[in-house]
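A.B. asks: Fold the following and give me the result.
(one chain, ligands or ions: 1)
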Amino acid sequence: ATQLLQTTILNEQFLNIDYSKYESSVKAIHHHLEETKDELTGWVNAPLEENQDLIDSIQSIANEIKENGDVLVVIGVGGSYLGAKAIQDALTPYFGNHPDGIEVIYAGQNMSGAYIHQLLNCLTNKQFYINVISKSGSTMEPALAFRVLRQYMEERYGEDASERIIVTTDSETGLLREMAVTQHYRQFVIPSNIGGRYSVLTPVGLLPIAVAGVDIAQLLDGAKEAATLLKEESLDSNEAYRYAVIRHALYSLGYKVELLASFEPALANFHDWWKQLFGESEGKDQKGLFPATVNYSTDLHAIGQFIQEGSPILFETLLHFHEITDDHHVPNDHRNEDKLNYLSNHSFNHINATSKQGTALAHAEGGVPVIQLELDKLDAYHLGYLIYFFMKACAMSAYLLEVNPFDQPGVEAYKSKMLELLNVDKVKK
Ligand code: PA5
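C.D. replies: Residues are numbered from 1 along each chain as shown. This is a model prediction of the structure:
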């Protein structure tokens with residue numbers, strides 16, 4: 001089968017790494033991922049189990065929000081918002097909204113008083129809806145933001161407020177679910193066998209993405225294609241597993257930082273989604289690659305010096321889409337004072353792609369291992385594919401490190417210290 005994504009490593013010396021020694025562990029992990037029912041692996045086959053009723057109801061609520069609202073406020077943190085923001089930013093215009101969508105803004109990722117205060121001010125003259133998303137239903141950052149925004153919504157809309165709040169949470173447990181039942185908010189369910197950072201293709205991501213104007217059917221079609229093609233157990237035919245094995249081999253050689261890089265600024269939030277997916281899945285038991293991200297050209301003039309000549313601790317994963325919808329050509333200028341006429345009539349996207357090629361060559365020659373991930377087009381279909389590709393590669397990577405890809409015990413440490421300092425026991429009494 002033709003893969004939609006090509007994984008290549010540019011440096012000749014790494015082509016000789018003996019990847020075949022991974023074959024048997026990759027096969028064993030593959031079968032575990034595909035067959036286990038005990039863990040948070042619901043995302044593995046979800047794209048193949050079409051649920052048209054669910055898609056229709058997401059689309060219908062999205063249409064209602066777009067008709068009656070100027071803004072959707074998405075409240076959530078971590079895996080409960082990063083995927084939606086990633087897709088929204090990648091596929092909506094740099095300036096202004098998508099023609100088929102409205103503004104989608106985010107809250108509950110921080111506890112900045114300035115942020116929430118200014119957010120309320122910004123909603124003053126706008127009609128708005130809230131989509132509050134939390135699997136556990138009790139994470140402090142989104143819960144606090146929801147408390148404030150719900151009160152504001154009730155002041156603005158009175159009894160109609162409950163029709164403007166959509167809750168996305170667990171089907172059975174959690175405070176948010178209880179609130180939704182008592183207050184008669186409409187609800188979407190986060191499947192119990194899908195964890196936060198693997199949930200962008202569930203209502204967690206799909207409702208905000210649809211409101212932003214992105215075609216969710218295309219996104220799901222791309223993911224379905226990936227779920228089909230990436231069922232191969234052999235390293236030769238499964239690009240996600242090849243990527244996982246290459247990064248594991250580089251990690252074993254002492255490269256402890258992976259830099260995800262691309263040349264399209266719209267992908268900055270996609271990088272953040274990737275960073276959380278890999279960071280929370282792999283970084284445990286004193287193991288794991290540190291996932292870092294750079295956006296070029298910006299970072300070539302910031303961190304590029306370090307990448308080229310600094311401590312040899314990192315490798316680079318270059319994400320490249322061959323086709324970007326919009327483009328512009330460099331105009332000819334008869335004055336040529338800037339001496340740039342040699343680029344006249346070249347397209348910006350072509351120059352950008354050439355800069356990518358040059359950067360990859362320079363970094364590889366400088367001794368930085370460079371992996372290229374290439375796809376045809378930056379659109380919903382290919383991003384759906386890429387999301388699934390990364391989730392499958394991430395689960396494989398974590399298991400190769402012998403850590404659990406689906407838990408995040410370390411996140412609790414800051415929470416318990418914070419609650420101790422907030423004197424929560426005293427307050428509860
Ligand atoms: O990936 C994860 O599981 C986490 O990042 C969660 O998404 C994040 O902690 C938010 O949790 P919740 O949705 O329960 O509020």
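A.B. asks: make it CA atoms for all contacts and neighbour counts henceforth
C.D. replies: Noted.
A.B. asks: ok, and for stretch 51-68, which residues are buried?
C.D. replies: Using 16 or more other Cα atoms under 10 Å as the test for burial, stretch 51-68 gives Ile55, Ile58, Gln59, Ile61, Ala62, Asn63, Ile65, Lys66.
A.B. asks: tell me the mean pLDDT for that stretch?
C.D. replies: In this model, stretch 51-68 has a mean pLDDT of 97.
A.B. asks: Ends of stretch 103-115, what's the gap?
C.D. replies: 17 Å (Cα to Cα, to the nearest Å).
A.B. asks: quick revisit: between the buried residues of stretch 51-68, which is closest to the ligand?
C.D. replies: Within the buried residues of stretch 51-68, the smallest distance to the ligand is 18.7 Å, found for Ile58 (Cα to the nearest ligand atom).
A.B. asks: Who are the contact partners of the closest residue to Leu82 other than its chain neighbours?
C.D. replies: What sits nearest to Leu82 in space, not counting adjacent residues and going by Cα to Cα, 6 or more residues apart in numbering, is Trp273, at 5.2 Å. Contacts for Trp273 (Cα atoms under 8 Å, 6 or more residues apart in numbering) come out as Gly79, Leu82, Gly83, Ala86.
A.B. asks: coming back round to it: sitting in strands, which of the buried residues of stretch 51-68 do you find?
C.D. replies: Among the buried residues of stretch 51-68, no residue falls in strands (DSSP state E).
A.B. asks: helix/strand/coil for the residue nearest to Leu82?
C.D. replies: Judged by DSSP: H, G, I helix; E, B strand; the rest coil, the three-state class of Trp273 is helix.
A.B. asks: now Pro409
C.D. replies: Secondary structure of Pro409, per three-state DSSP, is coil.
A.B. asks: From Gly76, how far off is the residue nearest to Leu82?
C.D. replies: In terms of Cα to Cα, Trp273 sits 13 Å off from Gly76.
A.B. asks: pLDDT score assigned to Leu419?
C.D. replies: 88.
A.B. asks: Against the ligand, how distant is it?
C.D. replies: 16 Å (Cα to the nearest ligand atom, to the nearest Å).
A.B. asks: For stretch 131-149, list every residue counted as buried.
C.D. replies: 131-135, 137, 139-146, 149.
A.B. asks: wait, I meant stretch 249-261
C.D. replies: Buried, per 16+ other Cα under 10 Å, within stretch 249-261: Ala249, Leu250, Tyr251, Tyr255, Lys256, Val257, Glu258, Leu259, Leu260, Ala261.
A.B. asks: Repeat that for stretch 317-337.
C.D. replies: Buried residues in stretch 317-337 (16+ other Cα under 10 Å): Thr317, Leu318, Leu319, His320, Phe321.
A.B. asks: how close does Gly318 sit to Trp273?
C.D. replies: Careful, residue 318 is Leu; it's not Gly. Applying Cα to Cα to Leu318 and Trp273 gives a distance of 16 Å.
A.B. asks: before we move on, back to that, make a markdown table out of the buried residues of stretch 249-261 and add distance to Lys417, secondary structure and pLDDT.
C.D. replies: Formatted as a markdown table, the buried residues of stretch 249-261 follow (distance: Cα to Cα, whole Å; DSSP: H, G, I helix; E, B strand; the rest coil; pLDDT from 0 to 100):
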| residue | distance to Lys417 | secondary structure | pLDDT |
| --- | --- | --- | --- |
| Ala249 | 37 | helix | 95 |
| Leu250 | 36 | helix | 95 |
| Tyr251 | 32 | helix | 96 |
| Tyr255 | 32 | coil | 97 |
| Lys256 | 29 | coil | 97 |
| Val257 | 28 | strand | 98 |
| Glu258 | 30 | strand | 98 |
| Leu259 | 31 | strand | 98 |
| Leu260 | 32 | strand | 98 |
| Ala261 | 35 | strand | 98 |
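A.B. asks: Check those one by one and keep those near the ligand.
C.D. replies: Among those, no residue lies close to the ligand (Cα under 6 Å from any ligand atom).
A.B. asks: Mean confidence (pLDDT) on stretch 263-272, please.
C.D. replies: Per-residue scores along stretch 263-272 average to 98.
A.B. asks: Run the chain-centre distance for the longest helix along the chain.
C.D. replies: Across the chain, the longest stretch assigned as helix under DSSP state H is helix 380-400. Centroid separation for helix 380-400 versus its chain: 10 Å, with Cα atoms, centre = their mean, to the nearest Å.
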